[in-house]
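Student: Need the 3D shape of this:
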Amino acid sequence: MAINRNINYINKDFADYRSQLINFSQTYFPNTYSDFDESSIGMMFIEQASYVGDVLSFYLDNQVQETYLQYARQNNNIFELAYMFNYKPKVTSLATVDIDFYQLLPAKTLLSTEIVPDYDYALFVGANTTVSTRLGGNYIIEDPIDFTVSSSQDDTDVSIAQISSGDPTYYLIKKTRKATSGTIQTETFTFGDFQEFPTVTINNGNIAQIIDIFDSDGNEYFEVDHLGQELVYQSIKNDNANDPNNYQESDDAPYLLQTKQVQRRFATRFKSESQLQIQFGSGNPSDTDEEVTPNPTNIGLGLPFERNKLTTAYSPTNFIFTNTYGVAPTNTTLTVRYLTGGGVTSNVPANSLVVPITSGVKFLASSLNSNTAQYIFDSFATNNPNAATGGQNGDTLLEIRENSLSNYGTQLRNVTADDYLIRALSMPPKYGGISKAFIQKPLVNNTGADLDLYVLTANTNGNLISTSTALKNNLKSYLNQYRMIGDTISIKDGFVVNIGVEFEVIISPNYNNNEVLNACISRLIEFFLISNWQINQPIIMRDLYSIIDNIPGTQSVKNVMIVNKTGTNTGYSEYAYDIDGATQNGVIYPSLDPCIFEVKYPSDDIKGRIVTL
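Tutor: Numbering: from 1, shown residues only. This next block holds a predicted model:
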């Protein structure tokens, strides 16, 4: 006959398990066992069972905790949960900059009178040519440079470099290319017999993006957001060779956008800061390999019903409705090229990219004078007239949590102002990185925009600077993919107000004055780290008093003062700010034009002195 036992199911730790097991034994087995002395054999088994229960309870609680994005602590789980919320964590962001490429050209005479550059000595600079700083920071250009070609889309600047007897002897020609920070890395992976959804992993730090993947037969694999996406968007040069029937030289349409369906595709996801997983499809490569251009005759071919279903939710990336998820590589070797680098340190200053790697530089013409050719080749030089911007470190775990939750709420569409803010901060690293962003309705709507988005980026030292035009254009193109059709956004530079902190403190007796003063300065430096501040965040003075007052050895804080630091000659922002006028009730408020307070040189701008009562 079964006996109902009164069992407690809420025990969670060793002590609870032990107490309840003793109570259970005393209640239901009083005559079977009664020796509950600490050294008895029965207590050994009770405590071992309590130990097992405690361990199992811990792991159960931990596993449940790791399923919630807000509370997960293991890095790999946070990355996995972020992808579940359709957010792609960033481990680095690449900086971009325009680089000028120079070379000399000898002069030659036409028809005995006209002196022109001799373009037989023009150089060709291959795609993916690297330019470095003297300290080793690498930048790569995507497009090749042909100095013999000049057009409205690829202008060549020509000037006289040397004159002899009143006639030019050498010309200086210049072309400009957009460059991206990083180093090209290559890895190969070998695949055997057919396998559904094969995956490979790249183990490296600061992986910014996959450049391309080709198999041993020369077939290219295309990156998609998810394997169910069949269509990829490709941009090709708008020139006569690519579109001979409709080609018209145009400055506002240098590229043609094409859509095509691809079978060879892959999706990527970060497993951690240094692990990138690449996954391929489940289709057998023996299937028909063809490109399908979507049109009204083939939309819905994969539907299990007629094509005239008007209630079908067509996807712009998979409206052919096929379900192979791409072709899996089989009996081949894949060569993967990817880009590493970026980060804040990649935001190099102006006039620093002066070391070109000339392995991809060559003459196109033959039968050149060897001495002249060598002289011309040696004249090849590079420079960046402006500082690089957009380099940003990867998302912190807290940023991954918050961005993932915000991203999930928007469903990939920008509906509220905060949606645009999060989307700007989530821009893929290959387009650059936004350090700070703030969005609001226009104070004075002169442009007709619905919202003003203020952005700032960081230089190589981590200080805030205005974003370049190239980075703003990238942000504009990126936001346009998620913009509601009636929204208009004006992207502007945020304002940086540089400040310093000066304080007076009274030290308690029996404390070393220098140690206490240095501790106060160190704590203020930590408080004013720019990573802790956002655009339009006010300075609350009582927080500063509290920070200094809580340092051991501080008897009292006599005075704390915020001072404005300005002047481009000394490295500060050009914008002056009336600190006194902006202070109300112990709070220093930002201006109506969104600005951020920055202590640019903490070791110099935070000063304290010891005073007496």
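
Student: as a whole number, average confidence for stretch 269-287?
Tutor: Averaged across stretch 269-287, pLDDT comes to 87.

Student: C-alpha coordinates for it, CSV please?
Tutor: This file holds the C-alpha atoms of stretch 269-287, laid out as CSV (Å, rounded to 0.1, in the frame of the first residue of the first chain):
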residue,chain,number,x,y,z
ARG,A,269,27.5,34.9,-36.6
PHE,A,270,30.0,35.7,-33.8
LYS,A,271,30.2,33.1,-31.1
SER,A,272,32.5,35.4,-29.0
GLU,A,273,34.7,38.4,-29.5
SER,A,274,37.3,36.3,-31.3
GLN,A,275,35.2,33.5,-33.0
LEU,A,276,33.3,34.0,-36.2
GLN,A,277,31.1,31.0,-37.4
ILE,A,278,30.3,30.7,-41.1
GLN,A,279,27.4,28.5,-42.0
PHE,A,280,26.4,27.2,-45.4
GLY,A,281,23.2,25.8,-46.8
SER,A,282,21.6,22.4,-47.0
GLY,A,283,21.2,22.0,-50.8
ASN,A,284,23.1,19.4,-52.7
PRO,A,285,25.5,20.9,-55.3
SER,A,286,24.2,18.4,-57.9
ASP,A,287,21.0,20.5,-58.1
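
Student: Now do the buried residues in it.
Tutor: For stretch 269-287, burial by neighbour count (16 or more other Cβ atoms under 10 Å) applies to Arg269, Phe270, Glu273, Gln275, Leu276, Ile278, Gln279, Phe280, Gly281, Ser282, Gly283, Pro285. Bear in mind the C-beta positions are built from the backbone N, C-alpha and C, glycine included.

Student: from the residues you listed, which ones fall inside strands?
Tutor: If you go by DSSP state E, the buried residues of stretch 269-287 have Arg269, Phe270, Gln275, Leu276, Ile278, Gln279, Phe280 in strands.

Student: in the longest helix along the chain, what counts as buried?
Tutor: Secondary structure of the chain per DSSP state H: the longest helix is helix 41-65. Within helix 41-65, the residues that count as buried by 16+ other Cβ under 10 Å are Gly42, Met43, Ile46, Glu47, Ser50, Gly53, Asp54, Ser57.

Student: Could I get the average pLDDT for that helix?
Tutor: 91.

Student: Counting by contacts, list what that helix packs against.
Tutor: helix 14-28 (3 or more Cβ pairs under 8 Å, 6 or more residues apart in numbering; DSSP states H and E).

Student: Between helix 41-65 and the helix it packs on, find me the angle.
Tutor: On the basis of axes from the mean of the first three to the mean of the last three Cα atoms, to 10 degrees, helix 14-28 is oriented at 130 degrees to helix 41-65.

Student: what residues does helix 14-28 touch?
Tutor: With Cβ atoms under 8 Å, 6 or more residues apart in numbering as the test, helix 14-28 has contacts from 3, 5-8, 11, 32-34, 36, 42, 46-47, 49-51, 53-54.

Student: switch the cut-off to 6 Å
Tutor: The set of residues external to helix 14-28 that reach it, using Cβ atoms under 6 Å, 6 or more residues apart in numbering, is Asn8, Asn11, Tyr33, Phe36, Ile46, Ser50, Gly53, Asp54.

Student: burial count for the third one?
Tutor: Residue crowding around Tyr33 was assessed by other Cβ atoms under 10 Å; the count is 14.

Student: Next: the first one.
Tutor: With neighbours defined by other Cβ under 10 Å, the count for Asn8 comes to 11.

Student: What does it show for phi and psi?
Tutor: phi -90, psi 120 (degrees, to the nearest 10).

Student: Give me the three-state assignment for Ala576.
Tutor: Secondary structure, DSSP: H, G, I helix; E, B strand; the rest coil: Ala576 is coil.

Student: contacting residues around it?
Tutor: Counting by Cβ under 6 Å, 6+ apart, Ala576 has contacts Thr566.

Student: again, only using 8 Å
Tutor: Applying Cβ under 8 Å, 6+ apart, the residues contacting Ala576 are Asn564, Thr566.

Student: Would you mind measuring from it to Gly567?
Tutor: Distance of Ala576 to Gly567, computed by Cβ to Cβ, to the nearest Å: 9 Å.

Student: Let me see the confidence value for the residue lying closest to Tyr511 once chain neighbours are set aside.
Tutor: Sequence neighbours aside, Gly553 is the residue nearest to Tyr511 in space, at 3.6 Å (criterion: Cβ to Cβ, 6 or more residues apart in numbering). Looking at Gly553, its pLDDT is 92.

Student: Tell me where this structure has helices.
Tutor: Under DSSP H, the chain gives helices at 14-28, 41-65, 75-84, 370-378, 397-410, 417-425, 469-480, 513-527, 541-549, 602-605.

Student: Residues contacting the third one, please?
Tutor: Pointing back at helix 75-84 there. Under Cβ under 8 Å, 6+ apart, the answer for helix 75-84 is 66-69, 72, 88-89, 269-273, 397, 400-401, 403-404.

Student: what about dumping the CA coordinates of it to PDB?
Tutor: C-alpha atoms of helix 75-84 as PDB (Å, rounded to 0.1, in the frame of the first residue of the first chain):
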ATOM      1  CA  ASN A  75      29.800  35.800 -23.200                       C
ATOM      2  CA  ASN A  76      28.900  33.100 -25.700                       C
ATOM      3  CA  ASN A  77      25.300  33.000 -24.400                       C
ATOM      4  CA  ILE A  78      24.900  36.700 -24.700                       C
ATOM      5  CA  PHE A  79      26.100  36.600 -28.300                       C
ATOM      6  CA  GLU A  80      23.700  33.800 -29.100                       C
ATOM      7  CA  LEU A  81      20.700  35.500 -27.400                       C
ATOM      8  CA  ALA A  82      21.600  38.700 -29.300                       C
ATOM      9  CA  TYR A  83      21.200  36.900 -32.700                       C
ATOM     10  CA  MET A  84      17.900  35.400 -31.400                       C
END
